[in-house]
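S.K.: from the sequence below, what's the structure:
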Amino acid sequence: MKLAWYADARQAGRVPPSVFWPVPNVDSGLVAFTRRQPPDADRRAVFAVVDAAFAQRRKTLANALTAGLGQPADVLRAAAESAGIDPSRRAETLTIVEFAELTRRLS
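M.R.: Take a look at the predicted model:
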């Protein structure tokens with residue numbers, strides 16, 4: 001998610017195990033980055049919210065942020081809803097722009 005602050009990423013190819021020595025039991029891949037303009041937000045604050053959202057495995061955004069930021073659940077739900085984000089979503093479904101807007105609403 002933090003990469004999305006700086007660039008868009010896409011799969012650019014596959015590297016077969018046979019090009020390595022010793023040959024691993026996995027395939028490797030190439031990733032292409034396209035630089036992008038970061039959101040108009042405080043990067044450190046947004047990354048703190050991203051860290052809190054991903055710190056709790058398999059939790060909804062509201063529950064993960066309640067645990068990670070230590071704010072009441074109703075405050076976090078209200079901030080998410082005011083940013084147009086369903087608080088029952090999981091962190092991995094949000095874009096970096098949505099995280100930036102959520103961070104603004106929490107400030």
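S.K.: need the contact list for Met1.
M.R.: Each residue near Met1 by CB atoms under 8 Å, 6 or more residues apart in numbering is listed here: 50, 54, 91-92, 94, 96, 99. To be clear about C-beta, it is placed using only N, CA and C from the backbone, and glycine gets the same treatment.
S.K.: nearest to Pro39 among the residues you listed?
M.R.: Ile96 (6.1 Å; CB to CB).
S.K.: what separation do you get for the closest one and Leu102?
M.R.: 11 Å (CB to CB, to the nearest Å).
S.K.: which of the two has more neighbours?
M.R.: Leu102 (26 against 21; other CB atoms under 10 Å).
S.K.: the residue nearest to that one when sequence neighbours are not counted: neighbour count?
M.R.: Leaving aside its chain neighbours, Leu102 sits nearest to Ala83 (4.8 Å; criterion: CB to CB, 6 or more residues apart in numbering). Using other CB under 10 Å, Ala83 is surrounded by 18 other residues.
S.K.: distance of the closest residue to Ile96 other than its chain neighbours from Arg43?
M.R.: The shortest distance from Ile96 to any non-neighbouring residue, by CB to CB, 6+ apart, is to Ala4 (3.9 Å). Separation of Ala4 from Arg43 (CB to CB): 12 Å.
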